[in-house]
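> how would this look folded up:
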Amino acid sequence: MSVVDVTDATFGTEVLASDLPVVVDFWATWCGPCRMVSPVLDELADEYEGRVRVVKVDTDANPALTEQFHVQSIPFIGFFVGGEMVDSVIGARPKAAFREKIEEIVPDRTPPA
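Reported below is the predicted structural model:
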C-alpha cells in the first residue's frame, strides 16, 4: 500500500472518516529528520496494509491542518482512530518505536478462542 498525500481539503475524507486507523506524517521537504522517517513509514504502510492507513501532510502546503493539530516541530506523527488523534510522536524514531505505537491502535484481528 502506498502512502497517500493528503491536504487541507482531503484530510476529512482520508483521515477523519477512515474506517481504518490512520498514521499521519506531518512533514516538510526541507526537514532532514522527515526524510529519515519517510522510508520507515513506507515500510510500515506495506506491513500493515489493510489494517492501517499511512498518509502524509506537507506542513508548508497545508497550514490549516498544521495549525489545527498544533504542529510546532516536525516530523510530527499523529495516530488517529475513529476520527480522533489518540497519540502522537515528535521527531525521528526507530522503526520499532513506530511499530509499537501502531500496534496500540490497530484492532486485534485474532478470532476469539
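
> Ramachandran angles for residue 80?
phi -110, psi 140 (degrees, to the nearest 10).

> List the contacts of it.
15-16, 18, 21-24, 86 (CB atoms under 8 Å, 6 or more residues apart in numbering). For every residue, glycine as well, the C-beta is placed using N, CA and C.

> check which helix or strand covers the nearest residue to residue 44 once chain neighbours are set aside.
Closest residue in space to residue 44, ignoring its immediate chain neighbours: residue 98 at 5.9 Å, by CB to CB, 6 or more residues apart in numbering. Element membership for residue 98, per DSSP states H and E: helix 95-105.

> Same check on residue 71?
Element membership for residue 71, per DSSP H and E: none, as it lies in no helix or strand.

> All the strands of the protein, residue numbers only.
Ranges of strands within the chain are 4-5, 22-27, 53-58, 76-81, 84-90, based on DSSP state E.

> what's the angle from the last one to strand 76-81?
Inter-element angle recorded for strand 84-90 and strand 76-81: 150 degrees (by axes from the mean of the first three to the mean of the last three CA atoms, to 10 degrees).

> Mind listing the strands strand 84-90 pairs with, and their directions?
Note on strand 84-90: by DSSP bridges, its sheet partners are strand 76-81 (antiparallel).

> Give me the number of neighbouring residues for residue 21.
By the measure other CB atoms under 10 Å, the count of residues near residue 21 is 20.

> and what of residue 41?
So residue 41, with other CB under 10 Å, has 22 neighbours.
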